[in-house]
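Enquirer: Requesting a structural model of the entry that follows:
(2 chains)
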Amino acid sequence: MKTQEDMKKELHAWIVKNNAKIKAEELCNDTDIIRERIINSLQIIDLLLFVERLSGTSVEVEQLKPGAFKNIDTIYQNFLERQGDEQCNK
Amino acid sequence: MQQIAQITDFSALPGLHWQENGQLSLSGSLLRLYKKIDQKILSFIPDIIFDEQQFSPFISAEQLHKLDYLHGFPHLITMPVTLDSSQASLQAFTAAPLNENGNLNLTNIAPCREVLTPAACYHFYEKQSDTELNGPCYLTTLCTCFRRESAYHPLTRQWAFSMREFVCLGTQEEVQEFLQRFEKALNSYFQKQLWPVIFEQATDPFFNPLVNAKYVVQKLEPVKREMIYAGNVAIGSFNFHRTFFGERFNIRRQGEAVFSACVAFGLERWLYAVLATCGPDEKDWQI
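Expert: Numbers count the residues shown, from 1 in each chain, chains lettered A, B, ... in the order given. Sure thing, here's the model as predicted:
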């Protein structure tokens, strides 16, 4: 059972692992990962697939809203929160 | 709001010669109006001196590939194809150049390295490549652009069309100020003209968009806004490229990859907007 903290940690670890430039301690949950070029356009699809694995549901590209992948907090709120809540309530 | 005059058949307008394959010719009063529209657009930001340049309609495929255009928009590309120059190839072609459907019977094709440019501003980035800018750079060009589409309509969707583009290369602040100034000037203009135009977030028409990372990024981090006339015709767009062209072409400002943006206008679509707003009679045309 994954908590909110677990899922944010997994996102954090994935982003650090896939970016050679940023150190783990430099990446916060509100760091803008697209504007600060921490995630480039090629990696965004991989991140999207990772979020799908983490949430257990598919992400509809056509439904994506501006800012949804802005940072770890927004990814959690937009794609994982319900999953985290459901698991916490079990 | 002014009543929009209904022109049911634009292809029947005097001075407009339309071919079903998306090619338009203009003459007389419509050609004069086309030129006035371009002059009007050039006057929107009078205190910025734009360096006007003119380019060939060819752009190298290699250059477009640097921009991922060939992957992103293969359905739009038009290539200038030539025959292999060997005597045998040319001889074979002349024997039966056209088939019964009017299609060219192409024999051997020479290597194709060029594309007919799909956008006006791409030429600028190659030209500015490997440079360090000392200040903001403002550029403009009017170019015939080519985009293959599944269907064509006079003025609103053409294979060959005219694009007036303005480009700013600079710091993020300089580039955003450039976009804001254009948006403000255009807002005032559309209000004054009583044109039903709204500004709307948009994405580029990618091939297989759902698996294209650039499309996904455009959805998440909007960089394109269009000027939509009467709900369905995009008469222009604002495009914030961030440092994409600066990085791809090594154009720098203050030691960093330069930011860039362009504002693009489809002149035939502006012609459409004037005609749809004011009607077919020249004396009613206001720009």
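
Enquirer: Which one of the residues in chain A is closest to chain B?
Expert: Nearest residue of chain A to chain B (C-beta to the nearest C-beta) works out as residue A:64 at 4.3 Å. No exception for glycine: its C-beta is placed from N, CA and C like everyone else's.

Enquirer: any idea what sits nearest that residue, other than its immediate chain neighbours?
Expert: With C-beta to C-beta, 6 or more residues apart in numbering or on different chains as the criterion, residue A:64 has its nearest non-adjacent residue at 4.3 Å, and that residue is residue B:219.

Enquirer: least trustworthy helix or strand in chain A by mean pLDDT?
Expert: helix A:81-89 (a mean of 57; mean pLDDT, DSSP states H and E).

Enquirer: quick one, what contacts residue B:227?
Expert: Going by C-beta atoms under 8 Å, 6 or more residues apart in numbering or on different chains, residue B:227 touches B:186, B:190, B:197-199, B:234-237.

Enquirer: which residues of chain A fall in helices?
Expert: For chain A, the helices defined by DSSP state H occupy A:4-17, A:41-55, A:72-75, A:81-89.

Enquirer: so which of these gets nearest residue B:112?
Expert: Checking the helices of chain A against residue B:112 by C-beta to C-beta gives helix A:41-55 as the closest, at 27.4 Å.

Enquirer: For the closest one, output the C-alpha coordinates as PDB.
Expert: The C-alpha coordinates for helix A:41-55 follow below in PDB (Å, rounded to 0.1, in the frame of the first residue of the first chain):
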ATOM      1  CA  SER A  41      10.400  16.800 -24.300                       C
ATOM      2  CA  LEU A  42      11.700  13.300 -25.000                       C
ATOM      3  CA  GLN A  43      11.500  12.200 -21.400                       C
ATOM      4  CA  ILE A  44       8.000  13.500 -20.900                       C
ATOM      5  CA  ILE A  45       6.400  10.400 -22.500                       C
ATOM      6  CA  ASP A  46       8.500   8.100 -20.300                       C
ATOM      7  CA  LEU A  47       7.400  10.100 -17.200                       C
ATOM      8  CA  LEU A  48       3.800   9.800 -18.400                       C
ATOM      9  CA  LEU A  49       4.200   6.000 -18.700                       C
ATOM     10  CA  PHE A  50       5.800   5.900 -15.200                       C
ATOM     11  CA  VAL A  51       2.900   7.900 -13.800                       C
ATOM     12  CA  GLU A  52       0.500   5.400 -15.500                       C
ATOM     13  CA  ARG A  53       2.300   2.500 -13.800                       C
ATOM     14  CA  LEU A  54       2.300   4.300 -10.500                       C
ATOM     15  CA  SER A  55      -1.400   5.100 -10.700                       C
END
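
Enquirer: Identify the residues contacting stretch B:47-66?
Expert: Taking C-beta under 8 Å, 6+ apart as the rule, stretch B:47-66 contacts B:42, B:70, B:79-80, B:112-118, B:120, B:122-124, B:126-127, B:137-144, B:146, B:166, B:178, B:181, B:248-249.

Enquirer: residues of that stretch that come out buried?
Expert: B:55, B:59, B:61, B:63-64, B:66 (16 or more other C-beta atoms under 10 Å in any protein chain shown).

Enquirer: Out of those, which sit inside strands?
Expert: Of these, the ones assigned to strands by DSSP state E are residue B:59.

Enquirer: Tell me the one among the buried residues of stretch B:47-66 nearest to chain A.
Expert: Among the buried residues of stretch B:47-66, residue B:66 lies closest to chain A (C-beta to the nearest C-beta), at 14.4 Å.

Enquirer: What is the burial count for the closest residue to residue A:62 other than its chain neighbours?
Expert: Excluding the flanking residues, the one nearest residue A:62 by C-beta to C-beta, 6+ apart is residue B:210, at 7.2 Å. When neighbours are counted by other C-beta atoms under 10 Å in any protein chain shown, residue B:210 registers 10.

Enquirer: you'd agree residue B:210 is in a helix?
Expert: Yes. Assessed by DSSP: H, G, I helix; E, B strand; the rest coil, residue B:210 belongs to a helix.

Enquirer: Would you quantify the distance from it to residue A:48?
Expert: 11 Å (C-beta to C-beta, to the nearest Å).

Enquirer: list residues touching both of these two?
Expert: By C-beta under 8 Å, 6+ apart, residue B:210 and residue A:48 have these common neighbours: residue A:61.

Enquirer: tell me the SS of residue B:204?
Expert: coil.

Enquirer: got JSON lines for the helices of chain A, with mean neighbour count and distance to chain B too?
Expert: Compiled in JSON lines, those are given as follows (neighbours: other C-beta atoms under 10 Å in any protein chain shown; distance: least, C-beta to the nearest C-beta, whole Å):
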{"stretch": "helix A:4-17", "mean neighbour count": "16", "distance to chain B": "15"}
{"stretch": "helix A:41-55", "mean neighbour count": "17", "distance to chain B": "5"}
{"stretch": "helix A:72-75", "mean neighbour count": "20", "distance to chain B": "10"}
{"stretch": "helix A:81-89", "mean neighbour count": "13", "distance to chain B": "18"}
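
Enquirer: nearest to residue B:282, of those helices?
Expert: Closest among the helices of chain A, using C-beta to C-beta: helix A:41-55, at 47.7 Å.

Enquirer: Give me the angle between that closest one and helix A:4-17.
Expert: 150 degrees (axes from the mean of the first three to the mean of the last three C-alpha atoms, to 10 degrees).

Enquirer: one step back: identify the residues contacting the residue of chain A closest to chain B.
Expert: For residue A:64, counting by C-beta under 8 Å, 6+ apart, the contacting residues are B:216, B:219-220.

Enquirer: now do residue B:163
Expert: So residue B:163 contacts B:119-120, B:142-145, B:264-267 (C-beta under 8 Å, 6+ apart).
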